[in-house]
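>>> Fold the following.
(one chain, ligands or ions: 2)
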Amino acid sequence: MAFKIGVIRGDGIGPEIVAEAVKVLDKVAEKYGQEFDYTEILLGGASIDAAGEPLTKEALETAGKMDAVLMGSIGGNTTTSPWYKLPANLRPEAGLLAIRKGLGLFANMRPAYLYEELKAACPLRDEIIGDGFDLVVMRELTGGLYFGERRTYVEDGIEKAVDTLTYGEDEIRRIALRGFDIAMKRRKKVTSVDKANVLDSSRLWRKIVNEVAMDYPEVEYEHMLVDNAAMQLVRDPKQFDVILTENMFGDILSDEASMVTGSIGMLSSASLREDSFGLYEPSHGSAPDIAGQNIANPIATILSASMLLRYSLNLDEAADDIDAAVKKVLEDGYRTVDIMSEGMTQVGTREMGDLIVERI
Ligand code: IPM
Ligand code: MG
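Ligands and ions are numbered 1, 2, ... in the order given. Sure, this is the predicted structure:
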């Protein structure tokens, strides 16, 4: 039986990096006698150009019929691209939020770890890095501030804007369960991040996380305020295993965590729900300034394809193969420009894809 994989090439470097990930998927399909049936789906700027909106109803429906969706990155240059002259609800990012919400992808997993071979790219000092770190941010993805009511209005001649942050206990419970489940497969530690010294939504968050934690006696867990967490991430990233947090805090902390590794071009992500369906995308953006030059690093997208095989298609062996091939390529000294260092061999986007395919 063929697996149905939706492919969102996206904007900027999206199409180039997705092409390499598809090459890799084709290679594992051949090796393991699997059949992948790809369906192109438009999202973001590409969809605005083709259909006048960042996500059409048809595209969302098509995505919903897939076993999993692989995505590049969306969006353009916010100061120069005409997409950003459109009302906010018609811009590329609105499409991304809409597809996550429309598909019910409430759990966003963003691993951040240090590759031994890329230690030199890590901006932290050696004594902080120690023997490396390996954490995952579990970000709630379909609630909170990004999906609350918002408006801009004028009152007494003064322009005002309001955004609202709401969480239901059900939304908190299901992401917390996901976070603790992941921790059980890792080093069994959860750091739940909130702002419970100020926000009601955080106090509810803490209460529900405490309840969920009771069912995971093996997992060590703690609460941490978000401002402290931002600090701890650069002070001592080794202390973290699973960082469990709400939408906006997770958005911010996951960027920080990936930057701390020094190689954001290597980091994948998965957006999941209760069943096996998921949407997989690199943690980095669409980098429109380097699009079309064959210099973007395709590894984050290739590793996202690996996550897709592991979490949605249950093809662990194939996923292990991809992860090992990526590691091997680094050991063999090949680097795209973003992770280039002295003595290594610099290669382009397509070459990097080929080198990984060769090692599968
Ligand atoms: C991300 C991005 C998106 C988000 C934007 C583009 C809406 O920053 O995936 O982290 O905030 O979720
Ligand atoms: Mg972000």
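
>>> what residue is smack in the middle of the chain?
Closest to where the C-alpha atoms of the chain average out (CA atoms, centre = their mean) is residue 269, at 3.1 Å.

>>> just to confirm, which helix or strand has it in it?
Here residue 269, judged by DSSP states H and E, is contained in strand 268-272.

>>> And ligand 1, is that strand touching that?
No - Strand 268-272 does not reach ligand 1 (CB under 6 Å from any ligand atom); its nearest approach is 7.7 Å. (Each C-beta comes from the backbone N, C-alpha and C, glycine too.)

>>> contacting residues around that strand?
Under the contact criterion CB atoms under 8 Å, 6 or more residues apart in numbering, strand 268-272 has outside partners 100, 105-111, 141, 178, 254, 278-283, 300-301, 303-304, 306-308, 311.

>>> Which positions in that strand come out as buried?
Neighbour-count burial for strand 268-272 flags 268, 269, 270, 271, 272 (criterion: 16 or more other CB atoms under 10 Å).

>>> before we move on, what about stretch 238-247?
Judged by neighbour count (16+ other CB under 10 Å), stretch 238-247 contains these buried residues: 240, 241, 242, 243, 244, 245, 246, 247.

>>> could you check whether the helix or strand following the strand holding residue 269 is close to ligand 1?
The first helix or strand that comes after strand 268-272 along the chain, using DSSP H and E, is strand 278-282. No - residues of strand 278-282 are not located near ligand 1 by CB under 6 Å from any ligand atom, the shortest gap being 7.6 Å.

>>> Strand partners (parallel or antiparallel) of strand 278-282?
Strand 278-282 has its sheet partners listed here by DSSP bridges as strand 68-73 (parallel), strand 268-272 (antiparallel).

>>> Close to ligand 1: what parts of this protein are there?
The chain comes close to ligand 1 at residues 93, 96, 97, 251, as judged by CB under 6 Å from any ligand atom.

>>> change it to 5 Å
Counting by CB under 5 Å from any ligand atom, the positions of the chain adjacent to ligand 1 are 93, 251.

>>> tell me which helix or strand of the chain sits lowest on mean pLDDT?
When the helices and strands of the chain are scored by mean pLDDT, DSSP states H and E, helix 126-129 comes last with a mean of 90.

>>> what's it in contact with?
114, 119, 122, 234, 235, 236, 237.

>>> If we go by neighbour counts, what in that helix is buried?
Buried residues in helix 126-129 (16+ other CB under 10 Å): residue 129.

>>> helix or strand right after it?
Next helix or strand after helix 126-129 toward the C-terminus (DSSP H and E): strand 134-140.

>>> ok, residues contacting that following strand?
Here strand 134-140 has contacts from 106-114, 167, 171-172, 175, 178-179, 182, 186, 237, 240-247, 249-251, 253-254, 257, using CB under 8 Å, 6+ apart.

>>> Going along the chain, name the strands of the stretch 251-360 of the chain.
For the stretch 251-360 of the chain, applying DSSP state E, counting those that start in this stretch gives strands covering 268-272, 278-282, 334-335, 345-346.

>>> I'd like the average pLDDT over the second one.
Averaged across strand 278-282, the pLDDT comes to 97.

>>> can you count the residues close to residue 351?
Neighbours of residue 351 under the rule other CB atoms under 10 Å: 16.

>>> Report the separation between it and ligand 1.
28 Å (CB to the nearest ligand atom, to the nearest Å).

>>> Compute the inter-axis angle for the host helix or strand of residue 38 and strand 68-73.
Assigned by DSSP H and E, residue 38 belongs to strand 36-40. Per axes from the mean of the first three to the mean of the last three CA atoms, to 10 degrees, the angle that strand 36-40 makes with strand 68-73 is 50 degrees.

>>> Could you list the buried residues of the helix or strand following strand 36-40?
Using DSSP H and E, the helix or strand that follows strand 36-40 towards the C-terminus is helix 45-51. The neighbour-count check on helix 45-51 (16+ other CB under 10 Å) flags 45, 46, 47, 48 as buried.

>>> What confidence value was assigned to the last one?
Translated: residue 48. On pLDDT, residue 48 comes in at 98.

>>> for residue 99, what are its contacts?
Neighbour list for residue 99: 43, 55, 59, 60, 63, 105, 279 [criterion: CB under 8 Å, 6+ apart].

>>> So which of those are in strands?
Among the contacts of residue 99, the members falling in strands are residue 279 (criterion: DSSP state E).

>>> Relative to residue 222, which of the contacts of residue 99 is nearest.
residue 105 (26.8 Å; CB to CB).

>>> Surely residue 42 touches residue 50?
Yes - counting by CB atoms under 8 Å, residue 42 touches residue 50, with 5.7 Å between them.

>>> Neighbours of the nearest residue to residue 32 once chain neighbours are set aside, how many?
Once flanking residues are discounted, residue 32 sits nearest to residue 318: 5.4 Å by CB to CB, 6 or more residues apart in numbering. Residue 318 has 23 neighbours, counted by other CB under 10 Å.

>>> Of the contacts of strand 134-140, grab the buried ones for ChimeraX.
Remark: buried members of these, expressed as a ChimeraX selection using 16+ other CB under 10 Å:
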select :106,107,108,109,110,111,112,113,114,167,171,172,175,178,179,182,237,240,241,242,243,244,245,246,247,249,250,251,253,254,257
